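> Sequence and computational prediction follow.
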Amino acid sequence: MSSYPFHHWRRRALLLATTMLAPAVFTAAARAQQAPAPDQLPAIEVTKPGEQNVTRAKPAADEAPAPRRPAPGTVESTNVGGGSGSGTTGTGTATGTAGNGGGGRQFAGIVGSSSTVITADDIAHSPVQSLPEILAQVPGVQLQTLYGGPNGAKTAVDLRGFGAFATDNTLFLLNGRRLNDVDKAGFDLTTIPLDSIARIEITRGNSGAVLYGDNAVGGVVNIITKTGVGGPPTTMRAEAGFGSFNTRMAAVSAALNAGPWSTSFYGNGIKSDGYRVNNALDQRNAVGSVNYTTADLTAFLTVTGSDQKLGLPGGRLVDPSIGVNELQTDRRGSSTPFDYANQQTASVTAGFTKTLINGVDLIVDGGWRQRDTQSGFFGTVPTISFASTYNDAALETWSLTPRLSVKNVMLGMPSTILTGIDYYDSTFRQARGAFQGVDPFHIYNIEQQSVAGYWQHTLGLLPTTDFSYGARVQNTSVSARDRYDPNAPFAFDAQASPLDSNETQYALHVGVEHRFTDTFSVFGRAARAFRTPDVDERVASGPSFDPLTFLPIAQNFALKTQTSEDVEGGFRVRTNRFQVQTSVYLMDLENEIHFNPVLFYNVNLDPTRRYGSETSASLKVSDSVTLRGGMAITRAVFREGIWAGNDVPLVSRYTGSLGVTWNIWQNYLVFDATARAWSSRIMDNDQANTQTRIPANATADIKLSGQIDRFFWSLSVNNLFNALYYDYAIASSFTDGRFSAYPLPGRTYMVKAGATF
């Protein structure tokens, strides 16, 4: 199914957890489950040339009450190329826009939505070592981690409670352009060097679907990279580090500026033996860009690449009925000591922004993205057998996304219109066989094209009231074919039926924000979004095996499109030292796509619901001490069908975080600390909610850092109190109390040092 390990491994875990039923069960499951699984408004700010090529809708951080000190190894306004020309610092819990009388912008973000901005300074201060863990400190964000690597490889990020299908319901953007592919792999955040990030804009809920399309159900995470625009003529930065499990890392960056031209490069590499047996990681990433900037024309070219090799250690079996508890007896061991997943990615994106007349800008960009994956699954021995599987997959995507930004005055009111067309063309090919080098028994070819038109209009009804509305109409066509070779080694299932489908869906948004005073505002919105089934879900859309005889049944690639409707409301408070944002939401979903672990295929669920609240706050105690924190209540429940009233698996009801930054001595010595806690969650595959829960837990991370002239250093200790925890486990379908868990590291450390030039 998937060309990636996360969801493959999620499903693979089920197979491992049910092997004691009978060898026939394992054999059937191995064929059914082979793919690697698992003055202010927000809405459309197409910003000034120089950033219009970066993002369509930009949540605006509250203006900080006072500039925060630069993190060690950075420069306040240039920061090795600067952040998209902005050069500003943030508060870490930026929660919206400033008050009308307080210098805030009229339009900034998606009106009525709750949003958070994480700045480059926040990332540099964070004690944690991976981008998923940084995102997890934002209220409402949860993680599912199967590998426990030092950089969070293949970690799934979940906004608003989608559990095992989080990667399909959270839309990731790089500089305003989609990163989600048409398969279940999900975008691996570790392929973006942390030092290359200028800021991360998180918009929760459905409203991002109008501007960006499907997958924006739980929310949108927009990663904005540095461009070098506006920086000094030459800037360089180098850093190296060493940590637990023989982890070694290095990162380099450089930026050049000459007249209207600028260029930047960011690269990093990491090697680690990993926490567990067969958990080694070897990864390299790079991002490079060239920019041309004048008063009425900007243009850019961005190239990225990554290479990743990762061992897949599998789960740890717990079965009280036979007295087995590998979490206690062999926590760091491996049930799959020879399984692996390799990945290579490359992308090229280019575009320009041209001012046609005053207030009217034409923005045109397009790109190409390629991802190749090779993965092997052998069980306990590396031999050709019914249980072994080798996948070789390639996914290529072309895109063209022209749009028009119109800023003017309409009926005496400030107005911003963003309208455009999105075209994406993806080709997925996967060869699946028993082993590398032998004839594959399945070759899947799936082509998907989507074309969409959208319109979003934002109006300043009053100096204190902003309103926006928008709509998207998107047509998606899919052609899927399976070439099955019954003579290939260990081929024993059936060829899937072909699929040719064409469907049109739509997304809607309406939002309003009103500022009662410079310090207090309220906001609200309503939206509709959709999610098209990905290619892996179609490949596994079965039935693939008869549940009683395990005889093969032809698959059909057919699934219904998932739709969702949500409403949200909240308020923001901002003073010179204190900021808070809180909101409540309700989301109803139809045809949510889910995996049936008994019959080994994907289905559309009975209606489900998400609801909850999210609150974030920050307090500047003094010029040297800043506190920040957040909490969320997240409910994900089945609202109809046989599981009505039950919780959706893998969603914690309660999550929270606390953090502090203390500049102890004039930037020579700085202390940062964060704590993150979460309540228990239902295991994957336990829709009945009858089995053991994944326990609640908490982690604490600390960091000491400093800078002397051009030299900087840091010492981080993660999971300070050595909590032995896991955030993913899958329950057996056949034996109560039996499950497979994926343990994560205890206390770890990382030492880094570097210099800027």
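Sure, I can see it.
> residue ranges for the strands of the stretch 151-300 of the chain, please.
156-159, 170-174, 177-178, 197-204, 219-225, 234-243, 247-258, 261-272, 281-293, 297-311 (DSSP state E, counting those that start in this stretch).
> Going by residue numbers, what spans are helices in this structure?
Applying DSSP state H to the chain gives helices spanning 5-17, 23-32, 120-125, 131-135, 166-169, 209-212, 326-329, 535-539.
> Can you flag the weakest of those by average pLDDT?
Sorting these by mean pLDDT places helix 23-32 lowest, at a mean of 30.
> Touching, D339 and G314? I think so.
Yes - using Cβ atoms under 8 Å, D339 is in contact with G314, at 6.7 Å. The way it works is simple: take the backbone N, C-alpha and C, and place the C-beta from them, glycine included.
> Need the overlap of contacts for those two.
Common contact partners of D339 and G314 (Cβ atoms under 8 Å, 6 or more residues apart in numbering): N278.
> I'd like the distance between D392 and P313.
22 Å (Cβ to Cβ, to the nearest Å).
> Could you check which of those two has the larger neighbour count?
P313 (26 against 19; other Cβ atoms under 10 Å).
> from memory that one sits against A341, does it?
No - between P313 and A341 there is no contact under Cβ under 8 Å: 11.5 Å.
> What score does G659 have for pLDDT?
For G659, the model assigns a pLDDT of 96.
> Pull the number of nearby residues for the nearest residue to it once chain neighbours are set aside.
Using Cβ to Cβ, 6 or more residues apart in numbering and skipping the chain neighbours, the partner closest in space to G659 is T674 (4.3 Å). Counted with other Cβ under 10 Å, the neighbours of T674 add up to 26.
> show me the contacts for T674.
S126, P127, V128, Q137, S657, L658, G659, A700, D701 are the contacts of T674 under Cβ under 8 Å, 6+ apart.
> Ok, which of the strands of the stretch 151-300 of the chain comes nearest R572?
Between R572 and the strands of the stretch 151-300 of the chain, the tightest spacing by Cβ to Cβ is seen for strand 197-204, at 13.7 Å.
> roughly how far is that closest one from the heart of the chain?
11 Å (Cα atoms, centre = their mean, to the nearest Å).
> Next, the angle from it to strand 170-174.
Strand 197-204 runs at 150 degrees relative to strand 170-174, counting by axes from the mean of the first three to the mean of the last three Cα atoms, to 10 degrees.
> start at 5 instead
That works, and once the first residue is 5, the last one we named lands at strand 201-208.
> picking that back up, name the member of the contacts of T678 that has the highest neighbour count.
Highest neighbour count within those: Q141, with 27 neighbours (other Cβ under 10 Å).
> got the buried residues for stretch 573-585?
G573, G574, F575, R576, V577, R578, T579, Q583, V584, Q585 (16 or more other Cβ atoms under 10 Å).
> So for stretch 737-744, what gets flagged as buried?
Within stretch 737-744, the residues that count as buried by 16+ other Cβ under 10 Å are S737, T739, R742, F743, S744.
> Where strands are concerned, which of these count?
Among those, the members found in strands (DSSP state E) are F743, S744.
> Mind putting the buried residues of stretch 737-744 into a markdown table with pLDDT and distance to L177?
Converted to a markdown table, those look like this (pLDDT from 0 to 100; distance: Cβ to Cβ, whole Å):
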| residue | pLDDT | distance to L177 |
| --- | --- | --- |
| S737 | 83 | 37 |
| T739 | 89 | 42 |
| R742 | 95 | 40 |
| F743 | 96 | 35 |
| S744 | 95 | 34 |
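> now, which of the buried residues of stretch 737-744 sits nearest F269?
S744 (42.1 Å).
> hey, what's that closest one bridged with?
Beta bridges link S744 to L321, I734 when assigned by DSSP bridges.
> Tell me the spacing between it and A345.
18 Å.
> same thing with V161?
Taken as Cβ to Cβ, the span from V161 to A345 is 18 Å.
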